[in-house]
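Engineer: Would you be able to build a 3D model of this:
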Amino acid sequence: MYQAIYRPRSTSMESTLDHRWLMQYNIVNLVNQCRRLIRAEFDENLSLTDPELRIKLAHFAGYTRSQGLQRLYGEVRLALLNLEGADPRPQRSAHPSARLYRGQKVISPRSGNSAAKTHPRPEQKAIMYRGRTTAQN
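Structural biologist: Numbers count the residues shown, from 1 in each chain. From the prediction side, this is the model:
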């Protein structure tokens, strides 16, 4: 749901929670104003200690109808750019990873009809009753 900003973490030092940006008084002031507007519009309480605060701020700023919240979030982003520099570009792998559903690989629909060739469908659907196949009429 909150996937508006993706920042890949590469080193062990970066994997720890990085809240240095919240040590800047002007940024915290802007974030608190954003939190008030989000609470008023979406009835969602955001915590300053939440590790996904930046992602949630971006999410709500993208869905808001309030121009004030959009303006404030723009100021937060600008202050973060001045403080930390530009966001690193996400690294894309050469081949896409396998899609998983409940831990099992899912055959993608782009692979064609290979699934239909390996598992042919029966002409008539078997009727099961208490775990056993019943006679067909």
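
Engineer: ranges for the helices of the protein?
Structural biologist: According to DSSP state H, the chain carries its helices in the segments 12-15, 25-42, 53-63, 67-84, 114-118.

Engineer: so where's this protein shaky on pLDDT?
Structural biologist: Along the chain, the model assigns pLDDT under 70 to residues 1-18, 87-97, 108-123, 135-137.

Engineer: quick one, domains of this protein?
Structural biologist: Described in terms of automatic domain parsing, the domain architecture of the chain consists of the residue ranges 12-84, 101-133.

Engineer: Quick check: which of those is buried the most?
Structural biologist: With neighbours defined as mean count of other C-beta atoms under 10 Å, these peak in mean count at domain 12-84, which reaches a mean of 15. C-beta here means a position set from N, CA and C on the backbone, and glycine is covered the same way.

Engineer: Report the contact partners of the residue lying closest to residue 76 once chain neighbours are set aside.
Structural biologist: Nearest in space to residue 76, with sequence neighbours left out and distances taken as C-beta to C-beta, 6 or more residues apart in numbering, is residue 30 at 4.9 Å. Contacts for residue 30 were tallied using C-beta atoms under 8 Å, 6 or more residues apart in numbering; they are 72, 75-76, 79.
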